[in-house]
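Show me the folded form of this:
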Amino acid sequence: MTPPHGAAARRDNAALPLPQKKPLTRRRAPARADRPFRGIALILLSTLFLSTSDVTAKYLTKTLPPVEITWMRFVVFAAIMVPAMLPGSPLYALRTTRMRFQLLRGLALLGSSILFISGLRYLPIAEASATSFVAPLFVTALSIVFLSEKVGLRRWIATAAGLAGVVIILRPGTGAFQMAALFPIASAFAWACTLVMTRVMSGREHVMTTMTYSSIAGVFVLSALVPFVWVAPSWHDILFGLLVGLASTTGQWIVVLAFRYADASVLAPFSYIQLLWASIFGFVVFGEVPDAWTITGAIFIVASGLYTAHRERVRQSQLLTVVGETSPNP
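Numbers count the residues shown, from 1 in each chain. This is a model prediction of the structure:
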């Protein structure tokens, strides 16, 4: 039998159903799960990767400028996220309903990275890490603005204690003070902005989407800046730059995943394990031993952060109690 042709073929083809295009949809964020132990385990794991990235970045500051090191970090970051940028890919994740938050989060993460690496160039890694851990104190203040939270007197006292720890470490007005010590503080503020925006989007945006936009924002901005400070890297520098990018990307990914399983107030205390890693790596790689001022200040900062996390848990418990009492009985 010969196939139809001419008008008959057109009639037969018209009767056939047209192939339907599968609509592109935004990747939905997995529902948040209350699994605090999994969240804690993820945060503990993230501290190892993030500390590895920090110590490697400090090593690179001997030969490369901070902007170039950060650029290498974000280039690796973006390369890992390329499958999520391709429209035909099953991992495509650029569709978002919170474009502004995604880009702002990326810029905040970028600022935190540049500022912290700039501080590492001049400061012992344990001192820089301890100072940067005032981020939870900034989160307390930012939560009032962005999350409409009410902060009680006791949390403000804890915040003041943490700031006292920073003063102990920096000792402004003495010969021990370095202007470079302000870099980790500014980095902590930028990181606090990153955490708050992560918290705003958690459960609403897919982790792939959040990571992809952070990588894009970082690469675009840094690619415009790096020509002004460019130093030709050796193969040795490139390999360590790859390590910085891989370790930091893995660490950031794990942090975002951890927020899916537990609240920030639960996870915050365990993030301080990074101070231990920083001290160990600083001693092994650079022969740095934290002095008494750094240790004392770190104790103040950690105690402040732990108490702030405790008050956050209490506040959430009270909110759940109120919701339970006001909800109708089944």
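
name the element the one residue sitting closest to the centre of the chain belongs to?
Among the residues of the chain, Gln252 comes closest to the average C-alpha position under C-alpha atoms, centre = their mean, at 5.0 Å. For Gln252, the host element (DSSP states H and E) is helix 235-261.

following that helix, which helix or strand comes up?
Using DSSP H and E, the first helix or strand after helix 235-261 is helix 264-271.

just checking, what packs against that following helix?
helix 36-60, helix 292-326 (3 or more C-beta pairs under 8 Å, 6 or more residues apart in numbering; DSSP states H and E). In short, each C-beta sits where N, CA and C put it, glycine included.

How confident was the prediction at Leu275?
Per-residue pLDDT puts Leu275 at 84.

Is it in contact with Val302, as I believe?
Yes: assessed by C-beta atoms under 8 Å, Leu275 is found in contact with Val302 at 7.2 Å.

okay, the two: which has more neighbours?
The residue with more neighbours, out of Leu275 and Val302, is Leu275; 22 against 18, by other C-beta atoms under 10 Å.

State the distance from the more buried one to Ala298.
As for Leu275, its distance to Ala298 is 6 Å (criterion: C-beta to C-beta, to the nearest Å).

again with Thr250
Thr250 is 25 Å from Ala298, by C-beta to C-beta.

follow-up on the earlier one: tell me which residues in the helix holding Gln252 are buried?
237, 240-261 (16 or more other C-beta atoms under 10 Å).

Report how many residues lie close to Ala232.
Residues near Ala232, counting by other C-beta under 10 Å, number 7.

And it, how far from Ile114?
On the measure of C-beta to C-beta, Ala232 and Ile114 end up 20 Å apart.

now Phe300
27 Å.

When these two are compared, which one has more neighbours?
Ile114 (25 against 19).

what's the helix or strand for that one?
Ile114 is part of helix 99-120, with elements assigned from DSSP H and E.

how about that helix: buried residues?
Using 16+ other C-beta under 10 Å as the burial criterion, the residues of helix 99-120 that qualify are 101-120.

quick one: average confidence on the next helix or strand after it?
Next along the chain after helix 99-120, taking DSSP H and E as the criterion, comes helix 125-132. The predicted model gives helix 125-132 an average pLDDT of 86.

Packing partners of helix 125-132?
Going by 3+ C-beta pairs under 8 Å, 6+ apart, helix 125-132 lies up against helix 36-60, helix 99-120, helix 153-170, helix 182-201, helix 273-286, helix 292-326.

Please identify the buried residues of the first one?
The one in question is helix 36-60. For helix 36-60, burial by neighbour count (16+ other C-beta under 10 Å) applies to 39-60.

cool, the fifth one as well?
By neighbour count on 16+ other C-beta under 10 Å, the buried set for helix 273-286 is Ile273, Gln274, Leu275, Trp277, Ala278, Ser279, Phe281, Gly282.
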